[in-house]
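In: test case, fold it:
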Amino acid sequence: MLLLKVLAGLRERFGFVLRAHHVHHGLSPNADHWAAFCEACCTALKVPLTVSRVHVQPEAGEGWEAAARRLRHAALASEVADWQVSAHHLDDQAETVLFRLLRGAGVHGAAAMRAIEPAVAGGGRLRPLLAFSRAQIEAAANAEALSWVEDESNADPRFSRNYLRHSVMPAITARWPSAATTLARAAGNFDEAAGLLDELAVQDAEACGWPWSRSAIRALSGPRLANLLRWRLRALALPVPDQARLHEAMRQLQSCSHERPLMLPLGGAVLHAYREVVWLSPTYPPLPEDGVPWQGGAVAWGEGVVEAVPTVGAGVSQARLAEAARCEIMARWPGCRVALVGRPRKDVRSLSQGASLAPVDRDRVPILRVDGQVAWIAGLGVAAVFACRGDEPGWQFAWRRPAAYSADGVAVL
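Out: Next up is the predicted model:
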């Protein structure tokens, strides 16, 4: 509430647009009252408010606290803004450092929160109160005669953060009165060390080329390879796996022959090795079990979208498709064979291998099937019998997907 009032008072001076966002978790009997309280405060300050209602349901292996945090972050991420501003303070920082150290975090995790956290695309996150203690903030709020809400769940010691806040930190502070400030200072030291590790990872990534050379990757020491993989996962905004899972993936990468392709799950990511290249990708979404009808528009397929652009003298013949009974996008099927333009008839899997498509892509690339025949395959081309002739109108098909899924960063097949 203090942060909201301060920012509202700075709008005219600095010329920014301010909006507020409240996440209604529905877990407390007071949740509706809290949303109404936020609406009344924002109305008084003439600040537009968004209220997101979420249904908290923990996933496998996830607690209620983690589930609520996941949904809250997703709701806030939906807000279109240059900067997201939150009221995290010094005591929050100290608790975060201690909590993460107790979970075995490395220097990036122990660095906790930054006051200014720029995003790659511009803007980012601001935590302007991070240097101030809760006591200082509460004193300022009282001086401004502000009202606020106390969430009763914040007093429940069953939650780990609350246990640290109400039991552990008071005991530590009784012995070391400046413990919160010292832990926050340690976060800054960890942040410096994390920055140096990132600089080393950038140097190693450049030395390994792109995509990464399998030989160069295997020449790195274990700690440098782990650092490089963690850096890349963070750059892709993917979760970093625990140490045991990461080290097992590294062991397999280091020990297997170049002839053997690898696809190693790392939680929310996958580590790939094929021939001489190594790369990381997000986890692949499932493909449709059946073909998806194509009727001239874009079709969602796996991690991407199949698009068709009208053209002349190239691509798949519009006339051939117009006279077909069924056009559909689907994955490779048993006995799937095709004669591409200027090439003999071959098995699609063999063609994919010959085109150096990674094994993970061979069964994922979309195929345009027309009345049971292959008309087009992403990354391979057009079947001769469906190809445009001369100045004939055609459809130029392409599969667009995030570059992170590709070994070489190519987003279009």
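In: show me how far stretch 177-194 is from its chain's centre.
Out: Stretch 177-194 sits 27 Å away from the centroid of its parent chain (C-alpha atoms, centre = their mean, to the nearest Å).
In: same check on stretch 359-378?
Out: So, by C-alpha atoms, centre = their mean, the centroid of stretch 359-378 is 28 Å from its chain's centroid.
In: gap between the two ends of that stretch?
Out: 14 Å (C-alpha to C-alpha, to the nearest Å).
In: try stretch 104-113
Out: Per C-alpha to C-alpha, stretch 104-113 runs 17 Å from first to last residue.
In: stretch 252-272 too?
Out: 11 Å.
In: give the buried residues for that stretch.
Out: Going by neighbour count (16 or more other C-beta atoms under 10 Å), the buried part of stretch 252-272 is 253, 262, 264, 266, 269-272. For glycine as for every other residue, the C-beta is placed from the backbone atoms N, C-alpha and C.
In: nearest to Ala115 among these?
Out: Using C-beta to C-beta, Ala269 comes nearest to Ala115 of these, at 28.8 Å.
In: how close does that closest one sit to Gly394?
Out: 38 Å (C-beta to C-beta, to the nearest Å).
In: try Leu321
Out: Distance from Leu321 to Gly394, by C-beta to C-beta: 9 Å.
In: for Ala44, same thing?
Out: Distance from Ala44 to Gly394, by C-beta to C-beta: 61 Å.
In: neighbour count for these two, which is higher?
Out: It is Gly394, of Ala44 and Gly394, that has more neighbours when counted by other C-beta atoms under 10 Å, with 25 against 10.
In: beta partners of the more buried one?
Out: Thr311, Ser317 (DSSP bridges).
In: is it true that it touches Ser317?
Out: Yes: if you go by C-beta atoms under 8 Å, Gly394 and Ser317 touch, sitting 5.7 Å apart.
In: shared neighbours, those two?
Out: Taking C-beta atoms under 8 Å, 6 or more residues apart in numbering as the contact rule, Gly394 and Ser317 both touch 387-388.
In: how far does stretch 333-341 stretch from one end to the other?
Out: 21 Å.
In: what does the average pLDDT come to for that stretch?
Out: Taken as a whole, stretch 333-341 carries a mean pLDDT of 90.
In: now do the buried residues in it.
Out: In stretch 333-341, counting by 16+ other C-beta under 10 Å, buried: 336, 338, 340.
In: chain center to that stretch, what's the gap?
Out: 35 Å.
In: next up, phi/psi of Leu236, please.
Out: phi -90, psi 0 (degrees, to the nearest 10).
In: and it, how many neighbours does it have?
Out: The burial count for Leu236: 16, using other C-beta under 10 Å.
In: one more: Val278?
Out: Residues near Val278, counting by other C-beta under 10 Å: 24.
In: who does the helix or strand hosting it pair up with?
Out: Per DSSP states H and E, Val278 falls inside strand 277-282. According to DSSP bridges, strand 277-282 has the following sheet partners: strand 212-213 (antiparallel), strand 269-274 (antiparallel).
In: let's have those strands in TSV, adding mean pLDDT.
Out: Converted to TSV, those look like this (pLDDT from 0 to 100):
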stretch	mean pLDDT
strand 212-213	94
strand 269-274	94
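In: wait, which of the ones you listed is closest to Leu146?
Out: For Leu146, the closest of the strands paired with strand 277-282 is strand 269-274, at 43.5 Å, according to C-beta to C-beta.
In: contacting residues around the closest one?
Out: 214, 229, 233, 236, 238-239, 241, 249, 253, 256, 261-264, 278-284, 358-360, 407.
In: go on, stretch 112-131?
Out: So stretch 112-131 is contacted by 2-3, 81-90, 92-93, 96-97, 100, 137, 184, 187, 190-191 (C-beta under 8 Å, 6+ apart).
In: in that stretch, which residues are buried?
Out: 112-114, 125-130.
In: wait, what's in contact with Leu253?
Out: 217-218, 225, 262, 264, 271, 273, 278.
In: with Trp395 instead?
Out: Trp395 is in contact with 308-311, 315-316, 318, 321, counting by C-beta under 8 Å, 6+ apart.
In: again, but for Arg72
Out: Per C-beta under 8 Å, 6+ apart, neighbours of Arg72: 23, 25, 54.
In: show the pLDDT at the closest residue in space to Cys388 that isn't next to it in sequence.
Out: Leaving aside its sequence neighbours, Cys388 sits nearest to Gly394 (C-beta to C-beta, 6 or more residues apart in numbering; 3.8 Å). Reported pLDDT at Gly394 in the predicted model: 95.
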